[in-house]
Every structure is written in structure tokens, then in C-alpha cells.
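In: one predicted model, sequence on top.
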There are 2 protein chains.
Amino acid sequence: MLDLERLRALTAVATYGTVSGAADALHVTTSAVSQQVAKLERETGQKLLERNGRGVRLTDAAELLVRHAERILALVEVAQSDLEAHRGTAVGELSVAAFPTAIRGLVATALVRLRHEHPRLRVKVCEVDPIESLPQAARGELDMAIVQDWNNEPLALPDGLAKGHLCEDVADVALPADHPLADRDSVELKELAGDSWISSTADSVCYDWLTHTLRSVDSEPRIDHMAYEYESQLALVGAGCGAAILPRLGRCVVPDNVRVLPLRPLLERRLFAVWRTEAARRPAIRATVDVLRAVAAAQVPDLTQRPT
Amino acid sequence: MLDLERLRALTAVATYGTVSGAADALHVTTSAVSQQVAKLERETGQKLLERNGRGVRLTDAAELLVRHAERILALVEVAQSDLEAHRGTAVGELSVAAFPTAIRGLVATALVRLRHEHPRLRVKVCEVDPIESLPQAARGELDMAIVQDWNNEPLALPDGLAKGHLCEDVADVALPADHPLADRDSVELKELAGDSWISSTADSVCYDWLTHTLRSVDSEPRIDHMAYEYESQLALVGAGCGAAILPRLGRCVVPDNVRVLPLRPLLERRLFAVWRTEAARRPAIRATVDVLRAVAAAQVPDLTQRPT
DNA sequence: TCCAGCATGTAGCGATCCTACACAATGAGC
DNA sequence: GCTCATTGTGTAGGATCGCTACATGCTGGA
């Protein structure tokens, strides 16, 4: 009889291309994965991995088995999810990835309520940029990813994932206090064409989005500085290094030498929770999304109406 | 992660209704099955079995899990079968059930050829009446069942099973040597209406078939004696106890005090091999069916043209 | 009331699986 | 061309798992 853990080991090798990559993902040693696959080879009577340079290559038989294994493992996840739904209560472990402003502006508060309302549910939060968390969720390394979707750039969802809308958030522009436009009530993005910009680091969705957005008003946007944390970006803005886009959700204290102005038209992002469709029926998923929505709803006035 | 062996244990309990029945089917002790299910309960966090009188009853959660498990286990079998097909050669173990005349008339010879042509295939034969072997094959306790199908009574195949035709066989009637019709070249069944009959035992398809067949010529057939083995039936015929239907396949030596006459019209049975559709792609299945057909074809003249 | 039948719990033994370590093979950098 | 980092496989030992045998508890019929 085939063993699901062994099938998972093989699919992990197929996914990551190397035995050690699979071992990392499964949190075991390479030796363990190697032995699991070797056992699978003995059981099936067929060679599954072949040495290929320093790595391995899957044989045709292994590719075939992986295709079956993916269907089987998906069905197993549906069964587990269905069984948990039958139980009705949110229990077990739920690993959630979120980007920084969502963690402090939404998830932290939600965790308090979740711990209170679902004491048997253990939510593990990890700060991961959506650029990473989406594929991780698709691969099953995460149960839920909290991601964003700017109004000028829709979210591309990998196969097998479902999303649930959480709330809207508005982003303003942060300018040095001595900027010519710093005393305006609001500003249009195109008025800032030619300005120097401060962005998130290049391995984040915010960087991709900012360059894309600025290109609509400025053929050659100048991104001179990059910092992943907004607090650092604001320090750079205060030092007169340029402008930055600053979401309202999870906003830190703005230094005195920085002015924050609303943009015209509003620059909005939508927040989504994303999960695998196989796990959709888990009460843990539903409960977490519900609480996230409730927390978000309580903050909507703050986010969309605050003068700045 | 769910474990397939544990799921199999639960489905066996669902199938057989009792823990000990499941244990028998899985060839382990009741304690082992009980522990497996208990572990499943801990993993899923839900009660699966409830004491019910001296036995157990499956909870709703267990019923739900069984439905999923059946789909998963079927998919696993397809994967294994597909993988073996990819390998191309017939290997591993194949458990085959056949009724007595098929064993000596067909399977024994086929085993010799199979052992020669597919040395890595181990075929295990067990004599089981089709009345038992069909459900056993459907439940996965057997890989193949060799069954018969009389020309006046088609075979009802349970869901999930496929069949392959092997050959035809003809049955004659055995009469005491001093029977008034014993010297005829052939005889019609209705000429024997009112005669006493010797049948297979009541727990066999042959008994069911014989009573059904005789009813078409005799409203109240007299079945005075029953013996599972034809050799015993012929001894009874020779002792003047009645008539018997005697297939040509695997026919033993006929005693001197018994005459065997062909029936008009021919009483034919068709032989089939039956297997689960999930295992249909196994080369072991295909190879065995092919050899059975070849052996049968070599005997067809003997079976259908022999004067008696 | 006793007993047969069924399920569960426990102790112990063997198998399994994982980690740590050693070793082999490859390919990139100097 | 040599060295070394990277990757995969093999082996020994310890922890865990899973099974059997046996004891115990419960139920329903004789």
C-alpha cells in the first residue's frame, strides 16, 4: 500500500527540483527524503529518481506517480477539511502569512478576538510579502495568505486558490515638510512627476506596484531609495530624500518633518484573505476570515475618512 | 496527515459492521483495528465509533470520512495500477478465485504458462464459488474472480467490476447406465421432467442455476441429493439416485455405470474473468486474462465437439 | 445467572523512521 | 587543475509506531 507521507515526499521533490529543497519544505533531513523515495521505489518496483549532475531528475514513472499523488493529496485535504467542517468548531493549527501593515493594523487585533472566540484554534502568523505568500499558500506551506490588490492593478490568483475580500485601505502621499506642495489639502499624483521617490525593497509587491503606478504619470520615475519598513521610508522622506506612498492601515507615527496628503483621485488597495480551495470548508478558515472582516469593518471609518 | 492504512481499517469496519469482521478481512487482530480507529479519532478530534449493543455503530463523522476514504482508496488503486502499467511487465501478487472445474480445466494449465512467461508474477489461486468470489473481488479481497454465466441466466456484475470473456463450455446430462434414455444419442431437458436430480450444494451458484433451469421444464423439480464435487455427484448418479448436469470443462473420469448424453439444445455456460475497474490497467491482470484465453482456446474443440 | 461474543486497554516485541555522520559525485571558482 | 561548496546516498543508533497476546469490561441470549 502506498503511503501518503512518501507520496508527499516525492511531490515535494518534484516541486522543488532537489531532494534537499524538498527536505527543507517538509522540515526533515535530506537523508529522510532520500530514504522515503528509495522505499517508494522498492514498493513500486520502479526507479523514480535519477542522478542528474549534482541534483536529481524524475523518471517518467515518477512524473506519472506525482500526477496521481497530487490528485490523491488534494482529495485527502478535502476530506480533512470536510471532516473539520462537520465538527463545526474551529480547531487545530492555521498558519497565516500577512504583509507588515496588515499584521499590525488588522491581524494583531484579530488574533485577540480569535483566541477568545476559538480557544482551540492556534493561529501562527508569519510576516511574508504577498509576492512570496501566494505561491507558498498554493504549495500548501501556508494555510492562509493576506494579500493586497491595488485599484489600478488586479490580483492574479494562482490555480487552486480562493480569495475573500476583507476591506479597503487608502494610501496617501508623504512629502518632506518643506516640499512646495506640503501645505496643500490634497495633491494629484501627476503633480509629483519628476520628484524623487522612496519605495519598498525590490522583492516586494509594493515595489512592482509603485514603479507601475508612477509610470502612468512619469515616463522615467526616479526611485532613489528603498526601505522595506515604512518607518524607515518616512525617515528618508523627512530627510528630504523624496516622496513616498503611505497606506493608512497600520500606519506608524508620522515624524514632524513629514506631511501626509490625500491623493486625488483616491489611491485605494483592497485586502484579501487567500486560501486553498481544498481547505475552503475548514471552520478555521471561515472563522478567521469572519474575524478579520469584523476587525476591518470596525476600522473602516478610520481608514477611509481620516483627514490624513 | 491521514494514514491510508487507518482509513482502510475504518472502511473495513463500515463494510463488515463489526471491528472483528474488519480485523478478519484485514488479517489482523481486533485489537489492531480498534487501535487504528482510536488513532484516527485522535487525529481528527472526533468520535468515529460508538458502542452499540455488543458491536459498534459508525458516527456521522465516520460515515462522512468513509465516503471520502472510499474515493481516496480507489484513486490510490488506480495510481498503483497505472504505475504498474507504465512498468509494462506483470509483477507482484495476483490473488485469483475460481470454481473447481475452472481450476482443474483452465487455471492449472494457465499457471504453468504464467510462471514461465511472467516469472516475477506470483499468482495465488483459491477455490471459491462465484456466489462468494464476486463480492470478494468487489471488496478488494481478491484481485480476480473466474465466474460462469449460463446461457439462460445472465451474470449480474456488481458496481466497480469489469469482466473479460474467456471461453464457452458445454454441459451434458449424466444418467444412470440403466436409465430408459441412457442409450440415446442426445436428450431434451424436458424429457427428464419428473426425474430426481443431484445438485451442487445450496451455497453455490450451480444450485441456484439448476433449480432455476429445471423450473422451466418441471414445475416442481425434485432435488434429492446435493454434493459440491462432481465426482461425488457421479457416484450418486451411478447408484441410480438421479440425474446430474455435468460440464465438460475439468470433467473427471466418468464411472462405467454412468452415461453422459449431450442435451438438445446445447446447455452452454460462458466463463469470465472479473476484476476491479481500478486495477484494470495492471499488466498482471491483462497477462493473466491473455493466458487464460489462450489455454481456453486450445481446449475449445475438446469442450464443444467431443461426442460426449 | 451464566456464558458466548464483541470491543477496549496494556505490556512487550519487532519493524519502521528519523537524525547524525560519513562518504561519493559533480560543477563552479580561483 | 585543484579546491571547495553543494547535493545525494548509505549506515548506526535511538525514538516511535504498530502489532500480538492477554486481560478486562460490557451486552444480550440461553
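Out: Noted; the coordinates are in hand.

In: check contacts around whatever residue of the stretch 101-250 of chain A ends up closest to DNA strand C.
Out: Residue nearest to DNA strand C within the stretch 101-250 of chain A: A:Glu141 (16.6 Å; C-beta to the nearest atom of the strand). Bear in mind the C-beta positions are built from the backbone N, C-alpha and C, glycine included. A:Glu141 makes contact with A:25, A:95 under the criterion C-beta atoms under 8 Å, 6 or more residues apart in numbering or on different chains.

In: so it: helix, strand or coil?
Out: coil (DSSP: H, G, I helix; E, B strand; the rest coil).

In: just checking, A:Thr15 touches A:Ala25?
Out: Yes - with contact defined as C-beta atoms under 8 Å, A:Thr15 counts as touching A:Ala25 (7.4 Å).

In: okay, and the helix or strand of chain A with the least pLDDT?
Out: The weakest-scoring helix or strand in chain A, judged by mean pLDDT, DSSP states H and E, is helix A:205-215 (a mean of 82).

In: pull out the buried positions in the helix or strand following that helix.
Out: Per DSSP states H and E, the first helix or strand lying C-terminal to helix A:205-215 is strand A:222-226. For strand A:222-226, the neighbour count (16 or more other C-beta atoms under 10 Å in any protein chain shown) marks A:223, A:225-226 as buried.

In: so what sits against both of A:Thr15 and A:Ala25?
Out: A:Arg139.

In: of those two, which one has the most company?
Out: A:Ala25 (19 against 15; other C-beta atoms under 10 Å in any protein chain shown).

In: nearest spatial neighbour of that one, chain-adjacent residues omitted?
Out: A:Ala12 (5.3 Å; C-beta to C-beta, 6 or more residues apart in numbering or on different chains).

In: please, where are all the helices along the stretch 201-308 of chain A?
Out: A:205-215, A:230-238, A:283-305 (DSSP state H, counting those that start in this stretch).

In: closest to chain B out of the ones you listed?
Out: Among these, helix A:283-305 comes nearest to chain B, with 11.6 Å by C-beta to the nearest C-beta.

In: ok, then the element right after the one helix or strand A:Ser133 maps to?
Out: In the assignment (DSSP H and E), A:Ser133 maps to helix A:130-139. Using DSSP H and E, the helix or strand that follows helix A:130-139 towards the C-terminus is strand A:144-150.

In: parallel or antiparallel, list what pairs with that following strand.
Out: For strand A:144-150, the pairing partners within the sheet under DSSP bridges are strand A:92-98 (parallel), strand A:267-276 (antiparallel).

In: would you mark the buried spots in the very next helix or strand once past that strand?
Out: Counting by DSSP H and E, the next helix or strand C-terminal to strand A:144-150 is strand A:161-176. Neighbour-count burial for strand A:161-176, counted by 16+ other C-beta under 10 Å, picks out A:161, A:163-164, A:166-176.

In: could you pick out which of those residues are near chain B?
Out: On the criterion C-beta under 8 Å from any C-beta of the partner chain, none of the entries of the buried residues of strand A:161-176 sits beside chain B.

In: got the contact list for A:Leu246?
Out: A:Leu246 neighbours (C-beta under 8 Å, 6+ apart): A:171-174, A:230, A:233-234, A:254, A:260.

In: could you dump those to JSON lines with pLDDT?
Out: Shown next, in JSON lines, are these (pLDDT from 0 to 100):
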{"residue": "A:Ala171", "pLDDT": "90"}
{"residue": "A:Asp172", "pLDDT": "93"}
{"residue": "A:Val173", "pLDDT": "93"}
{"residue": "A:Ala174", "pLDDT": "94"}
{"residue": "A:Tyr230", "pLDDT": "90"}
{"residue": "A:Gln233", "pLDDT": "90"}
{"residue": "A:Leu234", "pLDDT": "91"}
{"residue": "A:Val254", "pLDDT": "91"}
{"residue": "A:Val260", "pLDDT": "95"}
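
In: give me the subset of those touching DNA strand C.
Out: Contacts with DNA strand C within the contacts of A:Leu246, counted by C-beta under 7 Å from any atom of the strand: none were found.

In: so what's the residue count around A:Leu114?
Out: When neighbours are counted by other C-beta under 10 Å, A:Leu114 registers 24.

In: ugh, wrong one, A:Arg8
Out: 21.

In: go on, A:Val19?
Out: Using other C-beta under 10 Å: A:Val19 sits among 22 other residues.

In: just the pLDDT for A:Ala158.
Out: Not quite, residue A:158 is Pro, not Ala. In this model, A:Pro158 is scored at 87, pLDDT.

In: ok, now which ones touch the closest residue to it other than its chain neighbours?
Out: Nearest residue to A:Pro158, sequence neighbours excluded (C-beta to C-beta, 6+ apart): A:Ala138, at 4.5 Å. Neighbouring residues of A:Ala138 by C-beta under 8 Å, 6+ apart: A:158-161, A:276.

In: please redo it, this time with the cut-off set to 6 Å
Out: A:158, A:160-161 (C-beta atoms under 6 Å, 6 or more residues apart in numbering or on different chains).

In: need those in CSV (columns: distance to A:Arg286).
Out: As requested, the contacts of A:Ala138 are exported to CSV (distance: C-beta to C-beta, whole Å):
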residue, distance to A:Arg286
A:Pro158, 21
A:Gly160, 18
A:Leu161, 16
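
In: count the neighbours of the residue lying closest to A:Lys124 once chain neighbours are set aside for me.
Out: Setting aside the residues directly before and after it, A:Lys124 is nearest to A:Ser95 in space (C-beta to C-beta, 6+ apart), at 4.7 Å. When neighbours are counted by other C-beta under 10 Å, A:Ser95 registers 16.
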